[in-house]
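[1] After the sequence you'll find the predicted model.
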Protein chains: 2
Amino acid sequence: MTTYEQTDRNRIRRLPARASYNAETIYPIIDEALICHVGFVADGQPFVIPTIHARMGDAIVLHGAKASRLLKYAATGEPLCITCTIVDGLVLARSVFHHSMNYRSAVIFGRERLLEEYDEKWAALEAITEHVLPGRWTDTRQPNEIEMNATSVVLVEIDEATAKVRTGPPGDDEEEYALPIWAGVLPTPIAPGAPVDDPRLGEEIDVPGYVEAYWRK
Amino acid sequence: MTTYEQTDRNRIRRLPARASYNAETIYPIIDEALICHVGFVADGQPFVIPTIHARMGDAIVLHGAKASRLLKYAATGEPLCITCTIVDGLVLARSVFHHSMNYRSAVIFGRERLLEEYDEKWAALEAITEHVLPGRWTDTRQPNEIEMNATSVVLVEIDEATAKVRTGPPGDDEEEYALPIWAGVLPTPIAPGAPVDDPRLGEEIDVPGYVEAYWRK
C-alpha cells in the first residue's frame, strides 16, 4: 500500500514515534471515524466544518447541499485539510503533566473536485451511506433524480497524509510510580444505544440486524 | 449571556433553523465536547489539529508543547477556527436523501495569544484537566516548575461563534412514511468502559469515584 512522502506540511514534529505515513495505518482510521473535520481557507480565514465522509481507494468523498460553503469552495481548487479523530480513552497518569489520551488521528491534505458524472456521484453517495451504517444503502429508498441534482459531491485525492496513534498505559516519571494516585486508562468508546423507532413507524416493521449490531471500534 | 453578532463569517447558510448565536446554546457544547479541532492557516494551507481544550468565561484555552505547530502559530496573531462537535445519533430516514445525524456543533472564531503569567497558565491547565475529567486536578501530582516551563498555553477570546444543533426523528417526505423501511434514530453516545489499572499500580489503590462515575452527555 501507499506510503506518503514526508514533507514540511505533513511531518509530525511532536512525538514522531507516534507518527505513520503508511496507508496501512492511515486508511483504517479514515474508515473507522464516524465523521471528519474539513478545514479550508476563505479570505485568509480558516473554517473547520464537521461532515460525514467515505474513503474510495486513495481518495475521500464528501457531500452536501449545493449552497453549503464547503461545497462552493470545491470550485476554487484551493488546498483542503481533512482530519479524522477517534478518541479511544483517557490516559490518567500520576502527574498532571503525563496525562494524555489514547487516540487515532489521520490528517489528510488534498484538493477537491466536484463530481459531475451521475454514476460517480451515485457511487460516492453509496460509499458515504455505507461508511456511516453498513447495510443501509440497499435497505432504503435510494436517491431520485431531483435529489441527485440537489446534492453536490466532491472528491479529494489524498496528496499527503499522516496518522498519529497513541495506545497503552500512562508513562509517568520513574520516581513517581510509588505515589498513592490511581493511574490507568478509562476507555471512551462510542457505544450505540437502543434504536429509537420513528414515532410514525408502521407497527409491523422491526429494527434491522445491521442497526441492532452497529458498532464502531 | 452573550449573543454573538451574525457576520458573513459565522452566519449559517444551510438550514438556518438549526443555528444559534447565543452563548447559552454555544457554551454547553464547548464544555461537553471532549476534544476540539483547531484550524489555522500557514502559507495558504489549512491545518486541522485535534486537541483538548477548556472554556474559561468567554475564551477557550489550549495547551501543548512549545515545539508544536499550533502553539508556534500563536505568536502570529492570525485568525483561528475552533470547532467542537458532538454526534448524538444516526438519523435513519426511509429515503437515503433524508438521512442525517443528530448533533451539536460549535464553530468559534478568534485569535490566540500566549499566556505568559504563571498564575494564568496554572489556572488554564487546571481548567483543561477538569474539562476532561472533573475531580482529577486535585487528585494528582500537580505541575512542577520544569513542567510549567515546558508547556505552552494559549487563550483564544471568542470573537464570533455559532452553534448548529439537530435533534429528533427523521423527516421524510410525506408520501414516503408508508414505505416498509425501518426509520428512527440510533443513539451514539460516548459510553466509558471499565477503567483499566496501570500495570504498575499499587494494589491498595482503588479507582476513584470520579473515574467510575465518568459520563459525557
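    Done, it's in. Residues are numbered from 1 along each chain as shown, chains lettered A, B, ... in the order given.

[2] Return, as residue ranges, the portions of chain A with sub-threshold pLDDT.
    Regions of chain A meeting the criterion pLDDT under 70 cover residues A:74-75.

[3] how about the strands in chain A?
    Along chain A, the segments classed as strands by DSSP state E run A:19-20, A:36-42, A:45-51, A:53-56, A:59-65, A:79-92, A:100-114, A:151-166, A:184-187, A:196-197.

[4] and of those strands, who's closest to B:Met148?
    strand A:100-114 (17.4 Å; C-beta to C-beta). Any C-beta I mention is one placed from the backbone N, CA and C, and that applies to glycine too.

[5] quick one, that closest one and strand B:45-51 angle?
    If you take axes from the mean of the first three to the mean of the last three C-alpha atoms, to 10 degrees, strand A:100-114 sits at 150 degrees to strand B:45-51.

[6] Against which helices or strands is strand A:100-114 packed?
    helix A:23-32, strand A:59-65, strand A:79-92, strand A:151-166, strand B:45-51 (3 or more C-beta pairs under 8 Å, 6 or more residues apart in numbering or on different chains; DSSP states H and E).

[7] so A:Ser95 bridges to which residues?
    B:Arg141 (DSSP bridges).

[8] neighbours around it, how many?
    Neighbourhood size, A:Ser95 [other C-beta atoms under 10 Å in any protein chain shown]: 19.

[9] can you check A:Gly57 too?
    Neighbour tally, A:Gly57, other C-beta under 10 Å: 10.

[10] looking at it, A:Gly168 is touching A:Ser100, isn't it?
    No: using C-beta atoms under 8 Å, A:Gly168 is not in contact with A:Ser100, being 9.9 Å away.

[11] With neighbour numbers in mind, choose between these two.
    A:Ser100 (18 against 13).

[12] Ignoring the adjacent residues along the chain, who's closest to that one?
    A:Val91 (4.1 Å; C-beta to C-beta, 6 or more residues apart in numbering or on different chains).

[13] The one you found reaches A:Asn102, doesn't it?
    Yes: counting by C-beta under 8 Å, A:Val91 does reach A:Asn102; the two are 5.8 Å apart.

[14] Of the two, which one has the most company?
    A:Val91 (23 against 20).

[15] Tell me the bridge partners for the more buried one.
    Here A:Val91, judged by DSSP bridges, has bridge partners A:Ser100, A:Val185.

[16] Look up how far A:Pro134 lies from it.
    For A:Val91, the distance to A:Pro134 (C-beta to C-beta, to the nearest Å) stands at 30 Å.

[17] Ok, A:Glu160 next?
    28 Å.

[18] Spit out the residues that contact A:Val91 and A:Asn102 alike.
    A:166, A:185 (C-beta atoms under 8 Å, 6 or more residues apart in numbering or on different chains).

[19] still on that earlier bit, in terms of neighbours, single out the busier of A:Glu160 and A:Pro134.
    A:Glu160 (17 against 11).

[20] buried sites along the lengthiest helix in chain A?
    Secondary structure of chain A per DSSP state H: the longest helix is helix A:118-132. Within helix A:118-132, the residues that count as buried by 16 or more other C-beta atoms under 10 Å in any protein chain shown are A:121, A:123-129, A:131-132.

[21] Now render those as JSON lines, adding distance to B:Glu175.
    Below are the buried residues of helix A:118-132 laid out as JSON lines (distance: C-beta to C-beta, whole Å):
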{"residue": "A:Lys121", "distance to B:Glu175": "24"}
{"residue": "A:Ala123", "distance to B:Glu175": "27"}
{"residue": "A:Ala124", "distance to B:Glu175": "27"}
{"residue": "A:Leu125", "distance to B:Glu175": "21"}
{"residue": "A:Glu126", "distance to B:Glu175": "23"}
{"residue": "A:Ala127", "distance to B:Glu175": "28"}
{"residue": "A:Ile128", "distance to B:Glu175": "25"}
{"residue": "A:Thr129", "distance to B:Glu175": "21"}
{"residue": "A:His131", "distance to B:Glu175": "28"}
{"residue": "A:Val132", "distance to B:Glu175": "25"}
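
[22] tell me which of the residues you listed is nearest to B:Thr7?
    Using C-beta to C-beta, the buried residues of helix A:118-132 come closest to B:Thr7 at A:Ile128, 30.8 Å.

[23] The closest one: what's it in contact with?
    By C-beta under 8 Å, 6+ apart, the neighbours of A:Ile128 are A:52-54, A:61-63.

[24] Now find how far off-centre stretch A:24-38 is within its chain.
    With C-alpha atoms, centre = their mean, to the nearest Å as the basis, stretch A:24-38 stands 4 Å off its chain's centre.

[25] and it, does that touch chain B?
    Yes: counting by C-beta under 8 Å from any C-beta of the partner chain, contacts between stretch A:24-38 and chain B involve A:34-35, A:37-38.

[26] what do you get for stretch A:3-22?
    Yes: residues of stretch A:3-22 are located near chain B by C-beta under 8 Å from any C-beta, namely A:9, A:13-14.

[27] Buried ones among these?
    A:Arg9.

[28] As TSV, the residues of stretch A:3-22 next to chain B with distance to B:Glu212 would be great.
    Converted to TSV, the residues of stretch A:3-22 next to chain B look like this (distance: C-beta to C-beta, whole Å):
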residue	distance to B:Glu212
A:Arg9	43
A:Arg13	37
A:Arg14	32
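
[29] which ones are touching the closest residue to A:Gly168 other than its chain neighbours?
    In this structure, A:Gly168 finds its nearest non-sequential neighbour in A:Asn102, 7.2 Å apart by C-beta to C-beta, 6+ apart. For A:Asn102, the contacting residues are A:87-91, A:166-168, A:185, by C-beta under 8 Å, 6+ apart.
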